[in-house]
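> based on what follows, work out the 3D shape:
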Amino acid sequence: MSRNLTHQLAETAVGVREVSKQLCRARVQLDSSVRSVLIITKARDNHLIRLTRQLALWLLLNKRPGQQRGLVVYVDAQLRGSKRFDAQGIRTEYPHLFQPAEVVHPKTCIKREERQARTPELHQQQISNDLLACDSNEERAPQHQSRNGAASDHFHPHE
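Residues are numbered from 1 along each chain as shown. Coordinates of the predicted model:
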């Protein structure tokens, strides 16, 4: 019985390595309709936290095809508060990422807060302006009109 178990464990390990190799080679292509991304990472792995920070910055700073700005990036609240991730450092170094491009209406903020209260397990923090502009614990970011002058509850990471 122990030989069979050892053999199964060895096969599983080989399978995991193979999947890992395939994931490393994977290419992800986003169409222009994608506006935001949620990054999930292992919070206690210091190396991954640094890589997650680099990925978040890359996604925020690189303009999407046909768009004027990068993606809105969401991360877990625990990761956002991590010293290694240093969301406050990102805010200090790249303040333009936290300025909304469109008007933020209080009704929009209230709707978001109500949604978050109903689904606390899904409550994620965002390092760009979306939730920061509506979070009562943060100072409100300056508000801007959209191109057509209409209000919108879509925000973009930078101008």
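> in terms of helices and strands, where is residue 37?
In the assignment (DSSP states H and E), residue 37 maps to strand 36-38.
> now that strand: buried residues?
Using 16 or more other Cβ atoms under 10 Å as the test for burial, strand 36-38 gives 36-37. C-beta: built from backbone N, CA, C; applies to glycine.
> elements contacting it?
The contact analysis (3 or more Cβ pairs under 8 Å, 6 or more residues apart in numbering; DSSP states H and E) places strand 36-38 against strand 72-75.
> what's the mean pLDDT across the strand it packs on?
The average pLDDT within strand 72-75 is 90.
> immediately after it, which helix or strand?
That would be, after strand 72-75 and using DSSP H and E, helix 77-80.
> export that following helix to PDB, keeping only CA atoms.
Below are the C-alpha coordinates for helix 77-80, written out as PDB (Å, rounded to 0.1, in the frame of the first residue of the first chain):
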ATOM      1  CA  ALA A  77      -7.000  44.700   1.900                       C
ATOM      2  CA  GLN A  78      -4.300  42.700   3.800                       C
ATOM      3  CA  LEU A  79      -2.000  43.000   0.800                       C
ATOM      4  CA  ARG A  80      -2.800  46.700   0.400                       C
END
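> scan this protein for its longest helix.
The helix that spans the most residues within the chain, counting by DSSP state H, is helix 2-25.
> separation between residue 86 and residue 43?
Residue 86 sits 14 Å away from residue 43, taking Cβ to Cβ, to the nearest Å as the criterion.
> again, but for residue 76
Residue 76 sits 7 Å away from residue 43, going by Cβ to Cβ.
> same check, this time on residue 66
From residue 66 across to residue 43, the span is 34 Å (Cβ to Cβ).
> what about this structure, any weak spots by pLDDT?
Within the chain, the stretches with pLDDT under 70 are 1, 101-159.
> what do you get if the cut-off is 50, keeping everything else the same?
121-159 (pLDDT under 50).
> tell me the helix or strand right after the strand holding residue 37.
helix 46-61.
> in CSV, list the C-alpha atoms belonging to that following helix.
Only the C-alpha atoms of helix 46-61 are listed here, as CSV (Å, rounded to 0.1, in the frame of the first residue of the first chain):
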residue,chain,number,x,y,z
ASN,A,46,7.5,38.1,0.5
HIS,A,47,8.9,37.4,-2.9
LEU,A,48,5.4,37.2,-4.4
ILE,A,49,4.3,40.4,-2.7
ARG,A,50,7.1,42.3,-4.4
LEU,A,51,6.3,40.7,-7.8
THR,A,52,2.6,41.6,-7.2
ARG,A,53,3.5,45.2,-6.6
GLN,A,54,5.5,45.3,-9.8
LEU,A,55,2.6,43.7,-11.8
ALA,A,56,0.1,46.1,-10.3
LEU,A,57,2.3,49.1,-11.2
TRP,A,58,2.8,47.8,-14.7
LEU,A,59,-0.9,47.3,-15.2
LEU,A,60,-1.7,50.8,-13.8
LEU,A,61,1.0,52.6,-15.8
